[in-house]
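**Student:** Everything below, folded, please.
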Amino acid sequence: MDQTENKKERAKERREKRRQEISLLRSIPYSGNQRWWSAETIAVVTGANRGIGFEITHQLALQGITVILTSREVAVGEESAKVLQEGGLDVGFHQLDIVDDESIKSFCDWVKEKYGGIDILINNAGVNHNIGSDNSVEAAETIINTNYYGTKKMIKAAIPLMRPSAQGARIVTVSSRLGRLNGKRNRISDDGLRNQLEDVDNLSEELIDATMTKFLEQVKDGTWTSGGWPQTNTDYSLSKLAVNAFTRVMAKKLSTRSESEKIYINCYCPGMVKTAMTGWAGQVTPEEGADTAIWLSLLPDQAVNGKFFAERLITRQLIIWIFLYLHLLACNIPPLSLSLNSSSQFQFNFISYSTQPAMGNCFSGGGHGQFAVGGTSSALDTHGRNEAVDNFFKSRDYNGLFYQIELSLSATNLRDRDVFSKSDPIAVVYIKGKDGSLQELGRTEVVLNSLNPQWITKVKVTYCFEMVQTLIFRVYDVDSQFQGPEVKTLKLDDQQYLGECNCHLSQIVTHPKRSWTADLVRIAESTEATRTNKLGQLTVYAEEELVSKTTAELTFRCSDLENKDFFSKSDPFLVISKNVASGTTVPICRTEVLKNNLKPEWKPIFINISQVGRKDNPLIIECFNFNSNGKHDLLGQAQKSLAELEKLSSSKEGENLCLPITVGKDHQTKVLKGQLFVEKYSESVHHTFLDYIVGGCELNFMVAIDFTASNGNPRLPDSLHYIDYSGRPNAYQKAIQEVGGVLQFYDHDKKFPAWGFGARPIDGPVSHCFNLNGSSGINPTVAGIQGIMTAYQQALSNVSLAGPTLFGHVITSAATIASQSVAANEHKYFVLLIITDGVITDLQETMDALVKASDLPLSILIVGVGGADFKEMEILDADKGEKLQSTTGRVASRDIVQFVPFRDVQGEEMSVAQSLLAELPSQFLTYMRNNGIQPKTKLQTT
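**Tutor:** The predicted model follows:
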């Protein structure tokens, strides 16, 4: 296949994908809150006796609007209206020819007398385009007069009829992409004219009219082919160019009207629609072609004006909102309204639903042998929604460009790698970086003896609209000697590789059922051509991470369970699942296994309200008898919502378990003697990062910069400290600007204690912690990021680079400030930013200082610059579950360190923010909760 055919095939795939997206959009019903219109709303559709116009009339009438269908020919118009009327729709008819002034006046007089005015005008009337250079004077005049001048006259005549309303009246004109000024093909080649038409501030109706007049004159004298006009579908393209330009002009004029008399005007391209106008050669159905007109006509809280749309969108960012909307509908969450903000960005308005940020799920990880999985703790889930990142993005107008997604994984027909049992699979999810490197996002638990695992532990990922995010899913068989509750400590190189698959995250979240299934293959790790073998299938289900501060604690017990074992009693455990939109069930959590027990009482489990959507959403509670071969016996099940479980706890009554059975072709339910009891039900509220910030807690940032000799001679261009006076920043200046730009957002007063380390001041010994501002006193502060930059550059002139690289001194200085704050009973939290070029020398001393500082309100962010190997930094960043230990044997009370190689994140503000703020909220909240510190201000608890 040659390059041209490849491009055509890719374009075809894009069109098909977009059609699927539009189909999904059209399936979303308007909620009661969105419906600003009623039967009293009057819409007019021109040229509506067939094709797109007829379908627009049909769909508007289906929404309960009174629609006036118009056409030039009375007979065909009346027949078309009759078809819709027979379907029970409120559709009227009146003759209208938009090129005839008398016809327009007669129509407007009739509308004003009968209805008093109109609320929506859809300009669909138009005539066909010519092909190529087949351009007669008559064809040119007919097309320009109808498509541009006729549409313009209709708009001007309708404006006095547009009725005032809080939502604003709407005018939508059916146009075409052929009318784009900046298209790659079929464009106006006269740069001067194109620049004039692109100049929005100076664009005028007179200029548009003059352009059309000039074209028609050249058609008459036969010189149009050399006039710089589009050479394909010329008349039609120019008529639609004029319509698009006139839409801009009118939007500007109408924007000066008072709020109560607002009129919003936009145009759109319906695509190549299968109608008589295109000779039935289009790829788009009339229903699809009408969609954007309906959408623009009915937008609640209309704010977009003078825009050109294609397939509903100015940008692609609406797709994730579809996913979120459908998910919320599936969870029976109260309705939403969709609107466009003043920047033409899509936003959702939640109705009677709290959007306070959530803890996320409370999964702790763990083996799927006899350990509990999920729901084992009410503590913060450190992999859930990150409020610090969210809030920062919103401050930069990135709202709507990112979303937190939760992935549930399952597999079928995995390869059996064990001799005397089945494989014990674990799934690991990675995201691919720009350089091809893989970053681990998360791991599931280990499922014992199963070739068809349904993992409980979820994997979280931030979905970004503007980025291609490639996910890699790898499945391993875990050797029994490594199985335990802490899967993040597993060394994957020691496990048997079962296969992998990959996809773009957008493939999952935009799928109608929000799921994606693919064959697992084994990738040959060699320099030869990649070989693949099928090794089963992996299914990924995506959910938008919802928000709730409330967590329910439940203690379950059962009585009179059936005995399934011959030489002992049953070994029961519970699995709690929920139904999802795709019609399948997704497990939320499972209890531990209790050996030899027909009257078990399990340890408490914790379920965040966000995991189930609403308290009255049903949950499936299944009781199994554990078997080491992975074939667990179902002992019974019950279906109850959290609200019903709460009532069950209050009543102290039991719920009989049931067992689904099949009798012939009938599916029945057998009620069992065994019962399920809720011994305890309670709810607790966990305050969030922003609760503390809003409640008055101050964040204070400190910075320490590495001045050791390993950075290179500052006078030489290859040094990381080289100052380029042409203005190009060095590695440290870049890090200060980009990292500091993110961190200062949360700083209370923008005054940073700033130190340097590893340098020799003039006529002095090497200092491992000196004030960057040059002072010798106790005040190391500088003002803002610019203050750090200035002090840094001055310090390079006043010190000589030395060494070794010691962190202990600056960590101690930061800890002293934090300790003094605690002693003064201040409501503050501190973050120390260390920017360094390489490996530290005092590893154990640094670990001692970090263990001591773990009891203080302090987090430490280490940013590595340059190309050094930073592997030792991972020891300090205890992300793999191994807590730091001091020389005295004391273990850190919490993880306070995060390490980020700056080369992995620089240049993209969203990427920098996500990496730098990844762990701050969890470290912050762990300290607050460990010390029983509450937000100062009483906050909403929903």
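**Student:** Can you classify residue 814 by secondary structure?
**Tutor:** helix (DSSP: H, G, I helix; E, B strand; the rest coil).
**Student:** Please apply the same query to residue 795.
**Tutor:** helix.
**Student:** what's the spacing between it and residue 714?
**Tutor:** Using CB to CB, to the nearest Å, we find residue 795 at a distance of 10 Å from residue 714. C-beta coordinates here come from the backbone N, C-alpha and C atoms, glycine included.
**Student:** more neighbours, the two?
**Tutor:** residue 795 (22 against 17; other CB atoms under 10 Å).
**Student:** just checking, the more buried one touches residue 756?
**Tutor:** Yes - between residue 795 and residue 756 there is a contact under CB atoms under 8 Å: 5.5 Å.
**Student:** so what sits against both of the two?
**Tutor:** Listed contacts common to residue 795 and residue 756 are 705, 707, 772; contacts here mean CB atoms under 8 Å, 6 or more residues apart in numbering.
**Student:** Who wins on neighbours among those?
**Tutor:** residue 707 (31 neighbours).
**Student:** What residues does that residue make contact with?
**Tutor:** Residue 707 neighbours (CB under 8 Å, 6+ apart): 721, 756, 757, 758, 759, 795, 796, 799, 801, 802.
**Student:** again, only this time at 7 Å
**Tutor:** For residue 707, the contact set (CB atoms under 7 Å, 6 or more residues apart in numbering) comprises 756, 757, 758, 759, 799, 801.
**Student:** Would you mind measuring from the last one to residue 792?
**Tutor:** Spelled out, it's residue 801. On the measure of CB to CB, residue 801 and residue 792 end up 13 Å apart.
**Student:** of those two, who's got more company?
**Tutor:** Each of residue 801 and residue 792 has its neighbours counted (other CB under 10 Å); residue 792 has more, 24 against 20.
**Student:** Can you read off the pLDDT for the more buried one?
**Tutor:** Looking at residue 792, its pLDDT stands at 93.
**Student:** from memory it sits against residue 772, does it?
**Tutor:** Yes - between residue 792 and residue 772 there is a contact at 6.4 Å, judged by CB atoms under 7 Å.
**Student:** Overlap in contacts, the two.
**Tutor:** residue 705.
**Student:** Which one (most neighbours) among the contacts of residue 707?
**Tutor:** residue 758 (30 neighbours).
**Student:** Distance from stretch 69-79 to the middle of the chain?
**Tutor:** 47 Å (CA atoms, centre = their mean, to the nearest Å).
**Student:** re earlier: sort out which one of the contacts of residue 707 lies nearest residue 682 for me.
**Tutor:** residue 757 (49.6 Å; CB to CB).
**Student:** what are the phi and psi values for that closest one?
**Tutor:** Backbone torsions of residue 757, given as degrees, to the nearest 10, read phi -150, psi 150.
**Student:** Return the residues in contact with the closest residue to it other than its chain neighbours.
**Tutor:** In space, and not counting its chain neighbours, residue 757 is closest to residue 768: 4.8 Å by CB to CB, 6 or more residues apart in numbering. Residues near residue 768 by CB under 7 Å, 6+ apart: 757, 758, 806, 809.
**Student:** For residue 596, state which of those is nearest.
**Tutor:** Distances from residue 596 to the contacts of residue 768, taken by CB to CB, are shortest for residue 806, at 57.2 Å.
**Student:** Residue 648 in helix, strand or coil?
**Tutor:** Residue 648 ends up helix, using three-state DSSP.
**Student:** what's the burial count for it?
**Tutor:** The burial count for residue 648: 19, using other CB under 10 Å.
**Student:** Report pLDDT for it.
**Tutor:** So residue 648 comes in at 94 (pLDDT).
**Student:** I'd say it and residue 679 touch.
**Tutor:** No - using CB under 7 Å, residue 648 is not in contact with residue 679, being 10.0 Å away.
**Student:** Wait, residue 450 touches residue 422, no?
**Tutor:** Yes - here residue 450 reaches residue 422: they are 6.1 Å apart, a contact under CB under 7 Å.
**Student:** between those two, what contacts are shared?
**Tutor:** residue 630.
**Student:** mind checking pLDDT for residue 236?
**Tutor:** Listed pLDDT for residue 236 reads 88.
**Student:** Show me what counts as buried in the helix or strand hosting it.
**Tutor:** Using DSSP states H and E, residue 236 maps to helix 234-254. With burial defined by 16 or more other CB atoms under 10 Å, the residues of helix 234-254 counted as buried are 234-252, 254.
**Student:** I'd like to know the average pLDDT value across the helix or strand just after that helix.
**Tutor:** Sequence order places strand 263-269 as the next helix or strand after helix 234-254, per DSSP H and E. Mean per-residue pLDDT for strand 263-269: 91.
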